[in-house]
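# Predicted model and sequence follow; I will ask about them next.
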Amino acid sequence: MKVIPSNHAASFGQTHATASSLADALLLAKLGHDLRLLYTELVDQPVPEALSRLIARLDAIDAEHPDQA
């Protein structure tokens, strides 16, 4: 009896290059999804205190010199 892989129907008629391209596309889609989740988690974090102080100092300097903006 011939064993047929479970993905045989999905790859029927596809060349090796096409199947590889599909695998690459799925991998890239998964990476993109994971990066979007990571970015969302990062953006939801509060700004570190040291960075907040630096931003406040830069804003104060910018307010002192509005003509240079």
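Thanks, I have the structure now.

# All the strands of this structure, in order from the start?
Secondary structure of the chain, counting by DSSP state E: no strands present.

# In it, what residue spans correspond to helices?
Assigned by DSSP state H, the helices in the chain fall at 8-11, 16-43, 49-64.

# Number of residues surrounding residue 51?
10 (other C-beta atoms under 10 Å). For the C-beta atoms, the positions are set from N, CA and C on the backbone; glycine is no exception.

# Quick check: it vs residue 57, distance?
11 Å (C-beta to C-beta, to the nearest Å).

# same thing with residue 50?
Counting by C-beta to C-beta, the separation of residue 50 from residue 57 is 11 Å.

# again with residue 35
Per C-beta to C-beta, residue 35 is found 32 Å from residue 57.

# and if you look at residue 39?
Counting by C-beta to C-beta, the gap from residue 39 to residue 57 is 27 Å.

# Show me the shaky parts of the protein.
Scanning the chain for pLDDT under 70 picks out 1-17, 69.

# residues contacting the residue nearest to the spatial centre of it?
For the chain, the residue sitting closest to the mean C-alpha position, by C-alpha atoms, centre = their mean, is residue 35 at 2.6 Å. Taking C-beta atoms under 8 Å, 6 or more residues apart in numbering as the criterion, residue 35 is in contact with no other residue.

# Repeat that for residue 31.
By C-beta under 8 Å, 6+ apart, the contact list for residue 31 is empty.

# how much space is there between it and residue 61?
For residue 31, the distance to residue 61 - C-beta to C-beta - is 40 Å.
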